[in-house]
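A.B. asks: What shape does this take:
(one chain, ligands or ions: 1)
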Amino acid sequence: MSGDLFSRAQQVIPGGVNSPVRSFRSVGGTPYFVSRAEGPHIWDSEGKRYIDYVMSYGPAIAGHCPPQIIDAIQQASGNGTSYGAPTFAEIEIAEEISSRVDGVDMVRLVSSGTEATMTAVRLARGVTRRDKIIKFSGHYHGHADALLAAGGSGVANQGISGSLGVPANAVADTIVTPWNQIPELDESIAALILEPLPANMGVVPPKENFLQELRTACDRYGVLLIFDEVITGFRMAMGGASQWYGVKPDLWCFGKVIGGGLPMGAYGGALEVMSQVAPLGGIYQAGTLSGNPIATAAGLAQLRLLNPDSYESLERTARRLADGLLNVFEEIGIDATIPRVGPLLSIFFTDEQPTDFDEAQEAAENGVYPEFFHKMLERGVALAPGPYEALFPSLAHTEEIIDQTIGIAHDVATKMDKR
Ligand SMILES: *Cc1c(COP(=O)(O)O)cnc(C)c1O
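C.D. replies: Next up, the predicted model:
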């Protein structure tokens, strides 16, 4: 039983989980333990099948367990698991990334999105010889100290850490500012980091031309613009959010999709910037498992599965899901908005689309989501166990699967107390 596994897990793992959101803290109850996954489905330890919209929070863009990726992993693992010396596949994946993303001349592989953003910030500071960075409240950039300044409350506040254990001086140079408002920049700022399409406070799109205006503001003061494309990269389009919005940052951070479900991240940019990374330049970054041959093989196999048709298909699927769910909520009379940009969407149980973190928090914390989540789960649809997470329909989510989901949502919505 999941309950037994969870109590056992809690004896030896903090909260029973290796990443906090998995613990069900924000929706209540006991997490399901996954025993296997295939296509759009996961099965729990009791053999119950769910339509999955968590999809590992993004990496499983081709569906779970795609044969091409599994084959690539099996082949690569037969040749050893890690060498500490360069391999041909690292060239191939770097070429694949830089050919897809216009502006990425060079790319360095790391092992997580956190490492990618942490290093991008170090690189920006090293290149500009400036210390301060700006982030937007509600944007998530992994768990490096300098980026764990959460801010919140929409007030631009400087150096308020979002976690115990992060010393005040680790975030003293991190300025947190409200999303969708152009921050005040000056020549003491090294970098502005953001999710070009925020998807970790629900999906809260940039206002029209906002990213272009940020680009212009950064250029005026020599501030490096960092797009954290850990979610949007290779998901919104072949070239990610920078292609989608037509705005080029100075540095890109990748993760999730590029590892094909194995631990991998990357950061990249133009030659002038990337050539300042060690051993070429004075900005240090390294990793025993960086460019790991199995992760590289999985990532390469996944990228090769993704072509322009895939993105049309992902968007069609997301649109069908968003439209279908919205119809259901309208018909039943439940206040909801479903922000969607291309293949990314989320659900807010409120009648107005949030435009910043304050509004997103207000919408997310009104108590409706946990009820919807649990009733959907009971009926075999696994949404993320938290109101701030996006839905990640994959290439394996067929029209039939989407329509099943919408049918279940209809039944669930009629039984909701909170409306
Ligand atoms: C998931 C995520 C990260 C962190 O990546 P990890 O691989 O979990 O370290 C960073 N930025 C964004 C936008 C993310 O969604």
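
A.B. asks: Alpha carbons of stretch 251-260, as PDB, please.
C.D. replies: Provided in PDB are the C-alpha atoms of stretch 251-260 (Å, rounded to 0.1, in the frame of the first residue of the first chain):
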ATOM      1  CA  LEU A 251      22.700  33.300 -21.800                       C
ATOM      2  CA  TRP A 252      20.400  30.300 -21.900                       C
ATOM      3  CA  CYS A 253      19.800  27.700 -19.200                       C
ATOM      4  CA  PHE A 254      18.400  24.300 -20.200                       C
ATOM      5  CA  GLY A 255      17.400  21.200 -18.300                       C
ATOM      6  CA  LYS A 256      14.400  18.800 -18.100                       C
ATOM      7  CA  VAL A 257      13.700  18.000 -21.800                       C
ATOM      8  CA  ILE A 258      17.400  17.900 -22.800                       C
ATOM      9  CA  GLY A 259      18.200  14.900 -20.600                       C
ATOM     10  CA  GLY A 260      15.500  12.600 -21.900                       C
END
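
A.B. asks: That one - what's its average pLDDT?
C.D. replies: Average pLDDT, stretch 251-260: 98.

A.B. asks: do stretch 322-338 as well
C.D. replies: Mean predicted lDDT for stretch 322-338 stands at 97.

A.B. asks: repeat for stretch 102-112
C.D. replies: The average pLDDT for stretch 102-112 rounds to 98.

A.B. asks: Just confirm yes or no for that stretch near the ligand.
C.D. replies: Yes - residues of stretch 102-112 contacting the ligand under C-beta under 6 Å from any ligand atom: Ser112. Heads up, the C-betas are built off the backbone N, CA and C, glycines and all.

A.B. asks: Distance from that stretch to the middle of the chain?
C.D. replies: For stretch 102-112, the separation from the chain centroid amounts to 17 Å (computed by C-alpha atoms, centre = their mean, to the nearest Å).

A.B. asks: same deal with stretch 89-102?
C.D. replies: 20 Å.

A.B. asks: One more: stretch 52-71?
C.D. replies: Counting by C-alpha atoms, centre = their mean, stretch 52-71 comes out at 14 Å from the chain centroid.

A.B. asks: Check stretch 208-226 too.
C.D. replies: 22 Å.

A.B. asks: Once you drop chain neighbours, what's closest to the residue in the chain that the ligand sits nearest to?
C.D. replies: Scanning the chain for proximity to the ligand using C-beta to the nearest ligand atom identifies Gly113 as nearest, at 2.2 Å. Distance criterion C-beta to C-beta, 6 or more residues apart in numbering; nearest residue to Gly113, sequence neighbours excluded, is Gly255 at 3.0 Å.

A.B. asks: Quick check: the one you found touching Arg235?
C.D. replies: No - using C-beta atoms under 8 Å, Gly255 is not in contact with Arg235, being 10.9 Å away.

A.B. asks: sorry, back to before: what is the neighbour count of the residue of the chain closest to the ligand?
C.D. replies: Neighbours of Gly113 under the rule other C-beta atoms under 10 Å: 30.

A.B. asks: what ranges do the strands span in the stretch 51-200 of the chain?
C.D. replies: Here the stretch 51-200 of the chain has its strands, by DSSP state E, counting those that start in this stretch, at 106-110, 132-136, 157-158, 174-177, 189-194.

A.B. asks: Least confident of the ones you listed, on average?
C.D. replies: Minimum mean pLDDT among the strands of the stretch 51-200 of the chain: strand 157-158, a mean of 42.

A.B. asks: Now the nearest residue to Gly58 once chain neighbours are set aside. Its backbone dihedrals?
C.D. replies: Once flanking residues are discounted, Gly58 sits nearest to Lys256: 3.8 Å by C-beta to C-beta, 6+ apart. Taking degrees, to the nearest 10, you get phi 40, psi -100 for the backbone angles of Lys256.

A.B. asks: is it true that Lys256 touches Ser112?
C.D. replies: No - the pair Lys256 / Ser112 is not scored as a contact, 9.6 Å apart, by C-beta under 8 Å.
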